[in-house]
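1. Quick one, fold the following:
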Amino acid sequence: MKMKSRDMIFIAIVAIVVGGLWWLSTMDKAKAMSPAPPEHLTAKLRDECLKCHLPEKLAEMERQNKHPGKWRDAHVECTRCHKPPKEANALNLNAVQINELIAMLRRAN
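-> Now for the predicted structure:
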């Protein structure tokens, strides 16, 4: 079966569109929180973020098109876009995980 040139053009267009959508999905990702200050390790709620990240500063960033206006909505948590630092995962262990870790450490000794 021989491919026609129009089929090749169609495949190329599909590949360009899919590639373009993938490339756009990698743009403008919100930065993850840094591990410093230590408050970033435990912050879960919007109010905890707004203690240091003052609304005036966020409004200025919004005017400069550096931050979306989502922060104004009290129902939107900052952690929806800004992921906690990797170091925070150690603080989120539940009791079962802690007991498993203790048991594993005891077996290793």
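2. what's the weakest-modelled helix or strand in this structure?
-> helix 95-108 (a mean of 74; mean pLDDT, DSSP states H and E).
3. Now that one: buried residues?
-> Going by neighbour count (16 or more other C-beta atoms under 10 Å), nothing in helix 95-108 comes out as buried. Every residue, glycine included, has its C-beta placed from N, CA and C.
4. Pull the CA coordinates from that helix and hand them back as CSV.
-> Taking Å, rounded to 0.1, in the frame of the first residue of the first chain, the C-alpha atoms of helix 95-108 are listed here in CSV:
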residue,chain,number,x,y,z
ALA,A,95,0.9,6.8,61.5
VAL,A,96,0.9,3.6,59.4
GLN,A,97,3.8,4.8,57.3
ILE,A,98,5.8,5.8,60.4
ASN,A,99,5.2,2.4,62.0
GLU,A,100,6.3,0.7,58.8
LEU,A,101,9.5,2.9,58.7
ILE,A,102,10.2,2.1,62.4
ALA,A,103,9.8,-1.7,61.7
MET,A,104,12.0,-1.5,58.7
LEU,A,105,14.7,0.3,60.7
ARG,A,106,14.5,-2.3,63.5
ARG,A,107,14.9,-5.1,61.0
ALA,A,108,18.0,-3.4,59.5
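5. Helices along this structure, start to end?
-> 5-25, 39-42, 46-49, 55-63, 95-108 (DSSP state H).
6. Those: lowest mean pLDDT?
-> Lowest mean pLDDT within these: helix 95-108, a mean of 74.
7. Nice, that's everything, thank you.
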